[in-house]
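> I would like to see how this sequence folds:
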Amino acid sequence: MGIVYKAQDTKLDRLVALKFLPHHLTLQTEGGQAANEAERSRFLQEAKAAAALNHPNICMIYGIEEYGDEQFIIMEFVDGKTLRSQITNVQSQIPLDQIVDWGLQIGGALAAAHEKEITHRDIKPDNIMVNAKNQIKVMDFGLAKLKGSLGVTRTGATVGTIVYMSPEQIRGLEVDQRTDLWAFGVVLYEMLTGGLPFRGQYEPAIMYEILNVHPRAIQTVRFDVPDHLQVLVSRLLQKDPTKRISSAAEIIQLMKKPPVTAPSTLSEKSIAVLYFENMSSEKESEYFCAGMTEDIITDLSKIKELKVVSRTDVLPLRNNEAAIQMFENASSLDPNFAAAYAALAEAYSYMYSWYDGDQKWLGKTIEVSQKALNLDPNSIEAQFGTGTVYFHQKQLNEAKRTWEKVIQQNPDFYDAYRWLGISSDMTGDYDAALRYYEQCARLKPFSEEPWMHVDMTLRRKGDNHASDQAQRKLLEVGARKLEVNPNDAITLSRMAGPFAHFGEIEKSYAALKRVLEIDPTDGLAQYNCACTYAVLGNKKEALACLKNAFQSGYKNVNEWVKSDPDLVSLHKDPEFEALLAEIG
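As a prediction, the model looks like this:
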């Protein structure tokens with residue numbers, strides 16, 4: 001906003017910049033008032049905001065004067081180019097060290113403004129200058145919000161430049177310094193990739209993307225960006241401001257963090273032998289499993305160049321949290337162990353998908369997936385992890401393309417087929433989902449899980465006859481599995497539903513009872529039991545199991561709970577509604 005002239009200060013013999021309001025905004029009406037008081041107020045607010053700041057990376061204000069009926073701001077003359085020209089005019093990517101240098105300077109300017117409780121609200125490359133000494137100058141505080149100042153925009157109005165606006169700005173909500181940090185994240189993304197994270201031909205399309213779509217992962221555009229910068233941008237572009245980085249000072253510290261580099265040589269290689277699971281009904285076999293694990297570790301320990309983790313360390317590896325601990329230990333022992341990072345990403349992703357849904361798990365998934373890819377760009381497991389990140393960011397097409405590449409390289413990658421099926425299910429492509437699940441059944445002929453998915457898809461498709469066949473296949477495979485391990489709580493919980501469906505009520509209740517005896521803390525098994533109890537019309541037990549599932553950490557399924565057809569009978573129950581409100 002405004003017209004800027006280059007001028008000579010004859011008293012102090014220096015170049016300055018004079019910023020005037022456009023002439024049409026200074027015209028007087030017949031009543032003697034300015035034609036646009038709001039613009040004049042913003043103009044004065046810019047002078048007040050910038051004058052309150054004294055920082056080498058913020059354009060300095062020398063004063064405000066009048067000439068006739070026009071006011072103008074006298075400010076520092078910046079001999080340089082906008083950051084926009086630096087981004088668009090380069091023939092190659094901006095060097096990473098240059099991006100970090102400029103980023104630190106922009107962060108310093110924002111930290112100084114925020115310390116004075118001033119929010120810029122229009123951070124973008126056009127408002128950032130780079131002078132001849134490669135020094136950053138943040139300009140144009142015309143939309144700045146000062147603590148205690150009167151609002152100069154309409155209530156609910158959106159102010160700023162659309163592509164850099166935060167979700168809360170677009171919604172016309174109250175904003176604070178975190179809206180500047182979002183815009184800074186967009187600027188960093190643009191410097192790193194040369195493109196915008198949110199795009200659209202028209203403003204409504206851009207606004208929709210900002211509110212609903214996660215940006216394309218930086219690693220898919222530029223492969224040399226270190227992990228800590230990718231994580232930083234991801235945290236800045238969190239749509240919920242409460243989950244965003246909260247201060248510019250924190251950004252500065254994160255940008256200064258050097259990339260983690262693995263040592264060029266390792267004094268020793270390391271290996272962890274996982275615990276052998278007893279799949280038989282004989283308790284004595286537990287000792288056999290432990291003995292096998294111990295014998296393998298003992299033999300491997302004879303190799304001098306190899307460090308072997310003890311059995312006491314791998315014994316707890318029977319649940320996801322223990323898996324996380326194990327893989328974190330493995331990656332710390334060997335920073336070059338790409339497979340450990342890939343497995344760790346899968347474990348983090350599992351926590352985000354099925355348990356508390358905390359954004360920290362998604363952030364960690366992104367971080368360690370990138371580490372795995374940096375160490376081994378050909379790692380199929382790491383590529384699969386990248387697909388799960390896209391899935392969680394609701395970029396289903398990108399996720400499916402990534403998983404398709406995985407099965408092209410490894411036609412026996414079960415989880416890629418499974419997630420392709422789930423993604424196809426979500427988009428209503430039921431025939432494709434069934435094809436993927438059939439591959440799952442081929443790869444795991446002794447698992448009931450593929451048939452559970454087939455049944456659910458056929459029910460959505462409305463093919464009840466085929467659904468019945470899938471449920472009978474689930475019971476057949478599940479029965480064989482229970483012959484080997486009758487204490488498999490998950491399998492029993494999946495069989496209880498089909499028993500109820502076919503009118504075998506006693507078998508259904510027996511399976512439910514056995515599940516609760518085996519492991520009353522397994523969130524997934526408890527959720528499956530809740531669904532079956534609801535189908536059986538036992539609301540009390542259904543609600544009890546649902547509560548147990550959530551208390552066991554199985555919380556990130558609130559949308560499933562609302563749409564699961566097995567739970568329809570609970571929808572009007574006050575206790576069920578209270579439970580939904582509790583988990584958000």
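> distance between the ends of stretch 10-19?
For stretch 10-19, the first and last residues are 17 Å from each other (Cα to Cα, to the nearest Å).
> Also stretch 3-20?
So stretch 3-20: terminal residues 5 Å apart, Cα to Cα.
> Okay, buried residues for that stretch please.
For stretch 3-20, burial by neighbour count (16 or more other Cβ atoms under 10 Å) applies to 16-20. All C-beta spots, glycine's among them, are computed from the backbone N, C-alpha and C.
> Show the average pLDDT along that stretch.
What stretch 3-20 shows for mean pLDDT is 89.
> and if you look at stretch 179-192?
The model assigns stretch 179-192 a mean pLDDT of 95.
> which ones are touching Arg178?
By Cβ atoms under 8 Å, 6 or more residues apart in numbering, Arg178 lies in contact with 166, 168, 241, 244, 246.
> Please name the residues that touch Gln526.
When contacts are counted by Cβ under 8 Å, 6+ apart, Gln526 touches 493, 515, 520, 545-546, 548-549, 552, 554.
> And those residues, which is closest to Gln219?
In terms of Cβ to Cβ, no member of the contacts of Gln526 lies closer to Gln219 than Tyr554, at 30.5 Å.
> What pLDDT does the model give the closest one?
69.
> okay if I get the contacts of Arg178 as JSON lines plus neighbour count?
Putting the contacts of Arg178 into JSON lines (neighbours: other Cβ atoms under 10 Å) gives the following:
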{"residue": "Ser166", "neighbour count": "25"}
{"residue": "Glu168", "neighbour count": "18"}
{"residue": "Pro241", "neighbour count": "19"}
{"residue": "Arg244", "neighbour count": "18"}
{"residue": "Ser246", "neighbour count": "15"}
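> ok, and what's touching the strand or helix carrying Cys440?
Assigned by DSSP states H and E, Cys440 belongs to helix 430-443. Applying Cβ under 8 Å, 6+ apart, the set of residues contacting helix 430-443 from outside is 412, 414, 417-418, 420-422, 424-425, 449-451, 453-454, 457-458, 460-461.
> Among these, name the buried ones.
Members of the contacts of helix 430-443 classed as buried by 16+ other Cβ under 10 Å are 414, 417-418, 420-422, 424-425, 449-451, 453-454, 457-458, 461.
> Give me the subset of those residues that lies in helices.
414, 417-418, 420-422, 424-425, 449-451, 453-454, 457-458, 461 (DSSP state H).
> Out of those residues, the closest to Ala51 would be?
For these, the nearest to Ala51 is Ile422 (56.4 Å; Cβ to Cβ).
> what bits of the stretch 251-400 of the chain have low per-residue confidence?
For the stretch 251-400 of the chain, the stretches flagged by pLDDT under 70 are 257-295, 297-323, 325-326, 330, 353-358.
> Contact partners for Phe413?
Phe413 touches 380, 384, 406-407, counting by Cβ under 8 Å, 6+ apart.
> Sort out for me which of those are in strands.
Counting by DSSP state E, no part of the contacts of Phe413 is found in strands.
> of all those residues, which comes closest to Val138?
Using Cβ to Cβ, the shortest approach to Val138 within the contacts of Phe413 belongs to Phe384, at 41.7 Å.
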